[in-house]
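[1] mind folding the following:
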Amino acid sequence: MKRLITLLWFLGTVSLAWSATPSTWWGTSHTDFMDFSAPWQVFMAQTQNAFANVRTFAQSAATNVMHVGAICVNGLACPSGSRNLAEYAAPDVGLDGSALIVYPDDKNSGTATGAARTWFVKQVGGATVK
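    Down below sits the predicted model:
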């Protein structure tokens, strides 16, 4: 599984958000982030005990498939069609402590060109950072 990870610390709680391709535990073999047929999703994990000797994390998919294809992060050295998402995903924390994630989606954009649109998800269950 390839991952593009963003980390957010908040008072002993750590929230991570990342985009990932499925690996063998999903019954597929998309392990290369440059695979032009790989389906991508946004995931989130959170720990409430970041300073403990043994940390525990809750993890879940934050989105359905939001991109199919390669994701290249090598700037101008990337092949055509692999920079559609523009690397602008970002996590944050709402006033109520819930995790927030802004991410690009070019699979469900509904545009004729398939250009990425900005989407937003908010944590609606489980422990928050407050």
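[2] hmm, which helix or strand of this protein has the shakiest average pLDDT?
    Ranked by mean pLDDT, DSSP states H and E, the weakest helix or strand in the chain is strand 3-10, scoring a mean of 51.
[3] show me what the helix or strand following that one is packed up against.
    On the C-terminal side of strand 3-10, the closest following helix or strand by DSSP states H and E is strand 13-20. Under the contact criterion of 3 or more CB pairs under 8 Å, 6 or more residues apart in numbering; DSSP states H and E, strand 13-20 touches strand 3-10, strand 39-47, strand 90-93, strand 99-105. Where C-beta positions appear, they are placed from N, C-alpha and C, glycine not excepted.
[4] would a markdown table of those with distance to Gln123 be doable?
    Below are these laid out as a markdown table (distance: least, CB to CB, whole Å):
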| stretch | distance to Gln123 |
| --- | --- |
| strand 3-10 | 12 |
| strand 39-47 | 7 |
| strand 90-93 | 9 |
| strand 99-105 | 4 |
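[5] now these in TSV, with mean neighbour count and distance to Ala116?
    As requested, those are exported to TSV (neighbours: other CB atoms under 10 Å; distance: least, CB to CB, whole Å):
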stretch	mean neighbour count	distance to Ala116
strand 3-10	14	14
strand 39-47	21	12
strand 90-93	17	14
strand 99-105	21	4
